[in-house]
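Student: model this:
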Amino acid sequence: MNNWIKTVLSLCEKHGIPYEENAPMSAHTTFKIGGPARILLLPENMEQIAVLAAEKDIPLTFIGRGSNLLVADGGINGAVVVLGSGFSAVELQGDTLICEAGASLTKVCQTALQNSLSGVEFAYGIPGTVGGAVYMNAGAYGGEVKDVILWAEYIDKNGELHRACKDELELSYRHSRFCGGDDCIVRAAFELIPGDPAEIKAKMDDLMGRRRDKQPLEYPSAGSTFKRPEGAFAAALIDQCGLKGMRVGDAMVSEKHAGFLVNVGKATCAEMDELIGKVRDIVAEKTGYHLETEVYRLGE
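Tutor: Numbers count the residues shown, from 1 in each chain. Okay, the predicted model is just below:
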């Protein structure tokens, strides 16, 4: 047994951290793709996260709902920390929502509506959590996390809790200071404005209706697979190249929305990787645009 595994199991026993060994990541990603994580950790409070983060020899990966992840068929030879139901609280302080990282964006939007607060309607229906949304400055329909965030709290690799204000988060298109780093986002505050609940609900319903009409919600996916290239839209370029319906095994370019690559059965990561590569190559050859993936790839 690897030394880091012994360390993790010892910490779990000492601090009461729930865990699973060889847990299939297909059950923890919206793509429904991915081999096993050697150890899946399910901490229940920030103290348990701090204990894990402070151990330098543990290869840690932090996830929420896994809505923007593509995990290798061979899995992840490390410890995956899931911020789930134990980190889903959303509290109201004045016109600000204090949200734990595991809270779904749908819950955040519904809480805002219940309190007649406007500003996060754009996030209604995005199948992710607060932590992931802050990590990648999630956005849709003209809104982004950077428009409403006040601060984010995170635990660093020394197990210490910090708060970074909006100006320190380095938020830009699908990017934050956390990208590629070791910090674990645990909470965020969204500063909203009072509004008419009927208008807020109407906007949320409209955006959800647009999603249902235009997006292939009936299939597992990671949302938009590619970032928006400067001066164009990925979905339009893919559609222009006639790639809707293109398949590699059970990985397919959605026939409904070309920006979504979907799992229409039992797609493997290898199949999705191949399809992503083919789409990129054809779009580059036919249009001159080089697409970058928005989806994060984990594992070997």
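
Student: quick one: residue 81 and residue 62 touch, right?
Tutor: Yes. Judged on C-beta atoms under 8 Å, residue 81 makes contact with residue 62 at a distance of 4.8 Å. (Each C-beta comes from the backbone N, C-alpha and C, glycine too.)

Student: who touches both of these two?
Tutor: Counting by C-beta atoms under 8 Å, 6 or more residues apart in numbering, the shared contacts of residue 81 and residue 62 are residue 184.

Student: okay, now the domains of the protein?
Tutor: By the assignment in automatic domain parsing, the chain contains the domains 3-82, 87-199, 216-298.

Student: how about those domains in a markdown table, adding mean pLDDT?
Tutor: Below are the domains of the chain laid out as a markdown table (pLDDT from 0 to 100):
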| stretch | mean pLDDT |
| --- | --- |
| domain 3-82 | 96 |
| domain 87-199 | 96 |
| domain 216-298 | 97 |
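
Student: those strands in the stretch 101-250 of the chain, which residues are they?
Tutor: Secondary structure of the stretch 101-250 of the chain (DSSP state E, counting those that start in this stretch): strands located at 117-118, 139-140, 143-144, 149-155, 161-165, 184-191, 193-194, 221-224, 247-248.

Student: Name every strand pairing with the fourth one and say which way it goes.
Tutor: Okay, so that is strand 149-155. strand 161-165 (antiparallel), strand 184-191 (antiparallel) (DSSP bridges).

Student: Buried ones in that strand, by neighbour count?
Tutor: Within strand 149-155, the residues that count as buried by 16 or more other C-beta atoms under 10 Å are 149, 151-155.

Student: Kindly report the same for the fifth one.
Tutor: Using 16+ other C-beta under 10 Å as the burial criterion, the residues of strand 161-165 that qualify are residue 164.

Student: How far away from the center of its chain is it?
Tutor: Distance of strand 161-165 from the chain centroid (C-alpha atoms, centre = their mean, to the nearest Å) equals 20 Å.

Student: One more: the fourth one?
Tutor: Distance of strand 149-155 from its chain centroid, counting by C-alpha atoms, centre = their mean, is 16 Å.

Student: go on, the first one?
Tutor: Centroid separation between strand 117-118 and its chain, computed with C-alpha atoms, centre = their mean, is 23 Å.

Student: For the stretch 1-150 of the chain, which segments are assigned as helices?
Tutor: Taking DSSP state H, counting those that start in this stretch to define them, one finds helices in the stretch 1-150 of the chain at 3-15, 46-53, 105-114, 130-135.

Student: got those as a markdown table, with mean neighbour count columns?
Tutor: Shown next, in a markdown table, are the helices of the stretch 1-150 of the chain (neighbours: other C-beta atoms under 10 Å):
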| stretch | mean neighbour count |
| --- | --- |
| helix 3-15 | 15 |
| helix 46-53 | 20 |
| helix 105-114 | 20 |
| helix 130-135 | 28 |
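
Student: these two touch, right, residue 5 and residue 41?
Tutor: No. The criterion here is C-beta under 8 Å, and residue 5 misses it with residue 41 at 11.8 Å.

Student: ok, back up a step: nearest to residue 259, of the strands of the stretch 101-250 of the chain?
Tutor: strand 221-224 (4.7 Å; C-beta to C-beta).

Student: Please list all residues in contact with residue 86.
Tutor: So residue 86 contacts 42-45, 102 (C-beta under 8 Å, 6+ apart).

Student: Residue 77 and residue 71 touch, don't they?
Tutor: No. Contact criterion C-beta under 8 Å: residue 77 and residue 71 do not qualify, at 11.8 Å.

Student: Pull up the overlap in contacts between the two.
Tutor: Counting by C-beta under 8 Å, 6+ apart, the common neighbours of residue 77 and residue 71 are residue 299.

Student: more crowded one of those two?
Tutor: Per other C-beta atoms under 10 Å, whichever of residue 77 and residue 71 has more neighbours is residue 71, with 27 against 17.

Student: how near is the residue nearest to residue 188 when sequence neighbours are not counted to residue 212?
Tutor: Closest residue in space to residue 188, ignoring its immediate chain neighbours: residue 152 at 4.5 Å, by C-beta to C-beta, 6 or more residues apart in numbering. Distance, residue 152 to residue 212, using C-beta to C-beta, to the nearest Å: 31 Å.

Student: for residue 196, same thing?
Tutor: Using C-beta to C-beta, residue 196 is found at 24 Å from residue 212.

Student: before we move on, what about residue 266?
Tutor: Distance from residue 266 to residue 212, counting by C-beta to C-beta: 25 Å.

Student: Residue 162 too?
Tutor: Applying C-beta to C-beta, the value for residue 162 to residue 212 is 39 Å.

Student: repeat for residue 175
Tutor: Taking C-beta to C-beta as the measure, residue 175 falls 29 Å from residue 212.

Student: These two: which has the busier surroundings?
Tutor: Remark: of residue 175 and residue 212, residue 175 carries more neighbours, 16 against 11, as counted by other C-beta under 10 Å.
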